[in-house]
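Colleague: Got a sequence here, can you model it:
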Amino acid sequence: MKNLLLILSLFISGFSQAALIEIEFDQDNYQVNDTIYGQLIVSDFDETLGGFFAEMTYLPSNLSLIDWQFGSAFDFGSTYALSNAASLYLEEYTWSFDEGLLASLQGSRFMLASFSFTALTIGQQSIGFNRDSSGLLNFNFDDLTTSYQAGSFMVTAGNPTPVPAPATLLLFVSALIFLSRNRKTKGS
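Modeller: Numbers count the residues shown, from 1 in each chain. Below you'll find the predicted structure:
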């Protein structure tokens, strides 16, 4: 009986793999006022996708949205985007009736959208998902089981430009010589 239950659970888990929507960044570390470039990536899906909708959330006191752009894997589709102070909502659906064309555009992993932010404050920052307002649709526009992976990165204050020690020493010595000569001229 235990073997039957084990085989059954393995069989079911093989069919319940969830597609993954994740946020990736071009770097792990940024400085305040740097532009952060990111992508919304989908992978691990078994069917041709017909659309997606995703609400990415962030802290507006830490990040300022600059721009976003949709990917090209849904052929000529319908797009919709809405941003407010704490989220960016994107959705795109295909108008194509050619599932083979869409499958060739999508492959096994592709970019749904790209976006950019300005870093406003130092510290560990993240962009996540509102899971109630995010998901994937197959070619027949049925909801797919989807998992999500937020993205994070570090923002630092940056390094101040160091003053080279020899130049500082040269300026200090020059000032001392000038003061010394100036004192001798006044004393004579």
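Colleague: all contacts plus neighbour counts: C-alpha atoms, from now on.
Modeller: Will do.
Colleague: Tell me which residues of the top strand by length along the chain come out buried.
Modeller: Scanning the chain for the longest strand, with DSSP state E as the assignment, gives strand 109-119. Within strand 109-119, the residues that qualify as buried are 110-119, counting by 16 or more other CA atoms under 10 Å.
Colleague: which helices and strands sit right next to it?
Modeller: strand 35-43, strand 63-70 (3 or more CA pairs under 8 Å, 6 or more residues apart in numbering; DSSP states H and E).
Colleague: most neighbours per residue, which of those strands?
Modeller: strand 35-43 (a mean of 20; mean count of other CA atoms under 10 Å).
Colleague: Okay, now the sheet partners of that one, with direction.
Modeller: strand 19-25 (antiparallel), strand 109-119 (antiparallel) (DSSP bridges).
Colleague: And for the closest residue in space to residue 44 that isn't next to it in sequence, the neighbour number?
Modeller: Nearest non-adjacent residue to residue 44, counting by CA to CA, 6 or more residues apart in numbering: residue 19, 4.7 Å away. The tally of other residues near residue 19 (other CA atoms under 10 Å) stands at 19.
Colleague: Could you do the one 5 residues further on as well?
Modeller: When neighbours are counted by other CA under 10 Å, residue 24 registers 20.
Colleague: Quick one: residues contacting it.
Modeller: By CA atoms under 8 Å, 6 or more residues apart in numbering, residue 24 lies in contact with 38-41, 151.
Colleague: Quick one: the helices and strands packed on strand 109-119 as a markdown table, columns for distance to residue 94 too.
Modeller: Listed next are the helices and strands packed on strand 109-119 as a markdown table, based on distance: least, CA to CA, whole Å:
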| stretch | distance to residue 94 |
| --- | --- |
| strand 35-43 | 16 |
| strand 63-70 | 12 |
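Colleague: quick one, helices of this protein?
Modeller: Assigned by DSSP state H, the chain shows helices spanning 2-15, 99-106, 165-187.
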